[in-house]
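Chemist: This is a predicted model, with the sequence first.
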Amino acid sequence: MAAKLEVFPWSFWGVPMNLKRGPYPNPIGNASYFYIQAGHRETAIDQAIQVIRDDAARAAPAAAAQASLNVVDTTISDWVVETLIQGAWLREYHEWEKATKSYFDIQHERNGSKTKPKWKGKLSGADGAVSHVTRVRIQLELFAASIPDTVLHTIDSNRDAINRAKHDDEYFVTEEDFRALHEAISDFWNDLAKQEEFSAR
């Protein structure tokens, strides 16, 4: 499907476009930059969860003397972690959306292209709305870049779950769901970083 949606594999000068890494020492705009940012977000969540669980563990001996208080403390701790994970899950996907827009816009500039990706609106050859993941697939094809389909499938299934969570019945993501999404996003950026060529631009 992606091959039929406004894919034009040549830059303004008729030269095939490739993923390019910006000049050292500025990493901004490179795939490694977005990979590192994703890692920072996971570290922040890990630390926050640990603080919550450590606090609950410290309170446990005192709460154990009163069974009802112990149940309340345990429930509150679990609820706080669940709320944190829910927010981290939503943020992780939306940060990936913003990062991919920025990344491929920059890649077009580094290749001297006078056009930028079409992130909104209808695409020729598409029947109806086109998801952001599909638009990213188009960019990957444009730059002859490859990402394992399992990675993109995980990201896309989470995109679908997030959209359903916003509009349908309440949806509670698990910590395992969040970890799977984060791992897929990290793999996405890591795989792209390996395919970049050094550039002077």
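Modeler: Noted; the coordinates are in hand. What you see is a predicted model, and the numbers here were worked out from it, not measured in a lab.
Chemist: contacting residues around Ala31?
Modeler: Leu19, Arg21, Tyr103, Trp189, Asn190, Leu192, Ala193, Glu196 (CB atoms under 8 Å, 6 or more residues apart in numbering). All C-beta spots, glycine's among them, are computed from the backbone N, C-alpha and C.
Chemist: Tell me how far the nearest residue to Trp119 once chain neighbours are set aside lies from Gln107.
Modeler: Among residues not flanking Trp119 along the chain, Lys101 sits closest, at 5.5 Å (CB to CB, 6 or more residues apart in numbering). Applying CB to CB, to the nearest Å, the value for Lys101 to Gln107 is 11 Å.
Chemist: Show me which of those two is the more surrounded one.
Modeler: It is Gln107, of Lys101 and Gln107, that has more neighbours when counted by other CB atoms under 10 Å, with 26 against 18.
Chemist: And the more buried one, what's its pLDDT?
Modeler: With respect to pLDDT, Gln107 scores 96.
Chemist: thinking again about what came up before, out of the contacts of Ala31, who's nearest Glu42?
Modeler: Trp189 (12.4 Å; CB to CB).
Chemist: which SS state does Val173 fall under?
Modeler: coil (DSSP: H, G, I helix; E, B strand; the rest coil).
Chemist: which of the contacts of Ala31 are buried?
Modeler: For the contacts of Ala31, a burial check counting by 16 or more other CB atoms under 10 Å picks out Leu19, Arg21, Tyr103, Trp189, Leu192, Ala193, Glu196.
Chemist: Let me have those in CSV, adding distance to Ala144 as columns.
Modeler: CSV is the format used below for the buried ones among the contacts of Ala31 (distance: CB to CB, whole Å):
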residue, distance to Ala144
Leu19, 9
Arg21, 16
Tyr103, 16
Trp189, 18
Leu192, 12
Ala193, 16
Glu196, 12
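Chemist: Farthest-apart pair in these, please.
Modeler: Arg21 and Trp189 (12.5 Å).
Chemist: Closest one to Leu142 out of the contacts of Ala31, please.
Modeler: Among the contacts of Ala31, and counting by CB to CB, the member closest to Leu142 is Leu19, at 10.1 Å.
Chemist: List the contacts of that closest one.
Modeler: Leu19 touches Ala31, Gln107, Phe143, Ala145, Leu192, Gln195, Glu196, Glu197, counting by CB under 8 Å, 6+ apart.
Chemist: run the last query once more with 10 Å
Modeler: 30-31, 103-104, 107, 110-111, 139-140, 143-145, 192-197, 199 (CB atoms under 10 Å, 6 or more residues apart in numbering).
Chemist: Inside helices: which ones of those?
Modeler: Those of the contacts of Leu19 mapping onto helices are Ala31, Tyr103, Phe104, Gln107, Arg110, Gln139, Leu140, Leu192, Ala193, Lys194, Gln195, per DSSP state H.
Chemist: Which elements pack onto the helix or strand harbouring Thr75?
Modeler: According to DSSP states H and E, Thr75 maps onto helix 67-110. Applying 3 or more CB pairs under 10 Å, 6 or more residues apart in numbering; DSSP states H and E, one finds that helix 67-110 contacts strand 20-21, helix 31-64, helix 132-142, helix 149-167, helix 175-195.
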